[in-house]
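> below is the structure, and that's it, no one-letter string:
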């Protein structure tokens, strides 16, 4: 095939082509953003659980998700300590709280407050591990450096309030904000109970490390057998997975982003169909001529298919960097860290091709109508 | 007609000249309208749902703890504040309102699930929830509760007559009402104050005090008097003020503004491009006609008006299916997420303005071609 007909056809009217590519590009951009938000919501929902290193986690039987985790009597952790396979344990409590910066007119920001018993064995990050010692003082907090700017200056020694009680920034760490809250802070358990008014007997999570020679699954069964029914035991990967699923499937955010991506896909397909069908109607005579001089239907179909593909790819290429650009702006504006993965890039490419296929097949129905006899 | 009285409705005829293409074009515009509706719908849906309780309160003023910055919090105030409020000459009723979280045992999978409880004196009838009226007497009995049938599926199927274990204590579900969950709460249990107290709730720690005024009283004057006379641990707001405060709080506390704002902007840009494309094709097809009009003496203002009118036609014709599609989408999303998705005249108006602006903007972009239409090229 000497003449790249699809290419020439596509670029004969540059302005029209550009507008078409623009429309499809922005639909792909919207798909990209919606799915990017979905992935971000998914990843950030498990952020706190991923921060600690553990094999098993003990929660209240009422546990549903991080924001309605319930609590259980800390005696359960004492009971758990003697279960075979349990090598080490740590206590972690969680609550939502309000951070207020006095230098910022006491403007309140939501804060994920983590109470921790300061067991360094469960902290994988060496720097955080070393800085845990600063949290021994009462009302000392380890503040998330990536918290929202409304938190005010994040400087060691600065005073602010958590739930209206005065705290001092003793050290900093990095976690990142999420759809849950605008920032996070870690304190010791005494301070946690004080700040939240929680009964000190009640804790939110027990973290368990499994001894060498035992598997997590075995130890989980042993813990379930040894402990009363008011607590649940999960393995770490399943636990994080379940939290992400809860946030995406039960809460409406996941459904919203999926609906958004779906509508954007339909829009992209409609535009592409519109472009292809205009293109084909305008060239019906040319196609008929091709047929008349002996080219088969298949050849004409191929031109259409190539054009569909060409439009798709040319729309995908600008959409991708544009998506990263918009994500950067959103991240700047909302401080929500956007997690855009190469899998997402590939998935959007796949959707682009699917869009080409659907619109192409629908639009090419017309080609059959190209009848050489109609030419005259 | 924008200062143009001509007997031939040229713009409309040109737009509707090719019906098949017109349908496809309107579909494109309608979809960008749907995208914009969808994104502001999500944004408002999250915020409205988070503030779903205040509009249900049948009260003129609500007392809450001064530090209760959001409905997410459950700070309590002493019940004594109600008696203190009753001392005001214009206060007719002061109703205690309790809010809490408890667990509900899902009888199907034996999992405990957190659920929100609302408790109040049933005779005061403080909630305007559809379906609540017949149960006023039944709620007075200890152990009787109402279940919000719009709750998420976490709790299993709960029908009137079922027994539910709340916080370890068996309760009788006497009926169901429809409130609906939000991002934070997955469901509601409603009960009388007698049940709340029997379950171990402190009768003297109330979460909200609902104030009803005597006919003709001025809420803002009463509010000012109460704030002056009562201890300063209080916030006093009308339910509408409380709702608005919660919406503002939610927009600030969550990144929904940026997340869905981006969607609206992208939807708008798609709309501009689609509109441009349609007008451009339309102009290209009718270039000889435009050139002829120029040749027979119609001036630039006439041509500008003609294109603009076509743009406005497109926005009007595209907006209507977009609005209908948006309504269908809202119903579907509300069905699947149980998040409140509704349109208000302001929201519809905003999207309509965006749609008109979108088409006009596209019209300006496409105009150049018409103005350059050269009669000499006709032949």
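Right, received. Where do you want to start? Since we're looking at a predicted model, the values are computed, not measured. Numbers count the residues shown, from 1 in each chain, chains lettered A, B, ... in the order given.

> show me what the longest helix along chain A packs onto, helices and strands only.
Among the elements of type helix in chain A, defined by DSSP state H, the one spanning the most residues is helix A:297-334. Counting contacts by 3 or more C-beta pairs under 8 Å, 6 or more residues apart in numbering or on different chains; DSSP states H and E, helix A:297-334 is packed against helix A:5-12, helix A:14-45, helix A:252-282, helix A:284-292, helix A:342-364, helix B:256-285. Bear in mind the C-beta positions are built from the backbone N, C-alpha and C, glycine included.

> contact partners for residue 9?
Unless you meant another one, I'm taking chain A. Listed by C-beta atoms under 8 Å, 6 or more residues apart in numbering or on different chains, the contact set of residue A:9 reads A:279, A:283, A:303, A:307.

> correction: the question concerned chain B.
Going by C-beta under 8 Å, 6+ apart, the list of residues near residue B:9 is empty.

> mind checking how far it is from chain A?
Residue B:9 is 25 Å from chain A, where distance means C-beta to the nearest C-beta, to the nearest Å.

> for chain B, see how far away the closest residue in space to residue A:304 that isn't next to it in sequence is.
The spatial neighbour of residue A:304 that comes closest, neighbours along the chain excluded (C-beta to C-beta, 6 or more residues apart in numbering or on different chains), is residue A:364 at 4.6 Å. Taking C-beta to the nearest C-beta as the measure, residue A:364 and chain B are separated by 16 Å.

> wait, isn't residue A:364 in contact with residue A:280?
Yes - under the criterion of C-beta atoms under 8 Å, residue A:364 lies in contact with residue A:280, with a separation of 7.3 Å.

> report the set of residues contacting both of those two.
Between them, residue A:364 and residue A:280 have residue A:304 as joint contacts when contacts are counted by C-beta under 8 Å, 6+ apart.

> that older thread, check which residues of the longest helix of chain A are buried.
The neighbour-count criterion (16 or more other C-beta atoms under 10 Å in any protein chain shown) identifies A:300-312, A:314-316, A:318-320, A:322-323, A:326-327, A:330, A:334 as the buried residues of helix A:297-334.

> next one: stretch B:129-140
B:129, B:132, B:135, B:139.

> show me how far stretch B:195-213 is from its chain's centre.
From the chain centre to the centre of stretch B:195-213 is a distance of 29 Å (C-alpha atoms, centre = their mean, to the nearest Å).

> ok, it near chain A or not?
No - using C-beta under 8 Å from any C-beta of the partner chain, we find that stretch B:195-213 stays clear of chain A, coming within 12.8 Å at best.

> mean confidence for that stretch?
On average, the pLDDT along stretch B:195-213 is 95.

> check stretch A:3-13 too.
Taken as a whole, stretch A:3-13 has an average pLDDT of 77.

> greatest separation within the buried residues of stretch B:129-140: which pair is it?
Using C-beta to C-beta, the two most remote members of the buried residues of stretch B:129-140 are B:129 and B:139, lying 12.0 Å apart.

> partners of whatever helix or strand residue A:108 lives in, with directions?
Residue A:108 is located in strand A:107-116, with elements delineated by DSSP states H and E. Partner strands for strand A:107-116, per DSSP bridges, with pairing direction: strand A:86-101 (antiparallel), strand A:184-188 (parallel).

> past that strand, which element shows up next along the chain?
Later in the chain than strand A:107-116, the nearest helix or strand by DSSP H and E is helix A:126-131.

> which strands or helices does the following helix or strand past that following helix pack on?
Beyond helix A:126-131 in the direction of the C-terminus, DSSP H and E gives the next helix or strand as strand A:140-144. Under the contact definition 3+ C-beta pairs under 8 Å, 6+ apart, strand A:140-144 sits against strand A:165-173, strand A:184-188.

> can you list those in TSV and add mean neighbour count and distance to residue B:92?
TSV is the format used below for these (neighbours: other C-beta atoms under 10 Å in any protein chain shown; distance: least, C-beta to C-beta, whole Å):
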stretch	mean neighbour count	distance to residue B:92
strand A:165-173	18	39
strand A:184-188	27	46
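
> hang on, residue B:45 is in a helix, isn't it?
Yes - remark: residue B:45 belongs to a helix, assigned using DSSP: H, G, I helix; E, B strand; the rest coil.

> residues of stretch B:226-237 that come out buried?
Buried-residue list, stretch B:226-237, by 16+ other C-beta under 10 Å: B:226, B:230, B:234, B:235, B:236, B:237.

> surely residue B:125 is in contact with residue B:136?
Yes - at 6.2 Å, residue B:125 and residue B:136 qualify as touching, with contact defined as C-beta under 8 Å.

> for beta bridges, what are the partners of the residue in the stretch 101-250 of chain A that chain B sits nearest to?
Going by C-beta to the nearest C-beta, chain B is nearest to residue A:110 of the stretch 101-250 of chain A, at 4.8 Å. When assigned by DSSP bridges, residue A:110 has beta-bridge partners residue A:98.

> which ones are touching it?
For residue A:110, the contacting residues are A:96, A:97, A:98, A:99, A:180, A:181, A:182, A:183, B:253, taking C-beta under 8 Å, 6+ apart as the criterion.

> ok, now how distant is it from residue B:256?
When C-beta to C-beta, to the nearest Å is applied, the distance between residue A:110 and residue B:256 equals 13 Å.

> what's the pLDDT at residue B:114?
According to the model's per-residue confidence, residue B:114 sits at a pLDDT of 87.

> how about it: what's its closest non-neighbour residue?
The shortest distance from residue B:114 to any residue other than its chain neighbours is 4.0 Å, reached at residue A:68 (C-beta to C-beta, 6+ apart).

> how many other residues sit next to the one you found?
Taking other C-beta atoms under 10 Å in any protein chain shown as the criterion, the count of residues near residue A:68 is 19.

> quick one: it and residue B:103 touch, right?
No - with contact defined as C-beta under 8 Å, residue A:68 and residue B:103 do not form a contacting pair (9.4 Å).
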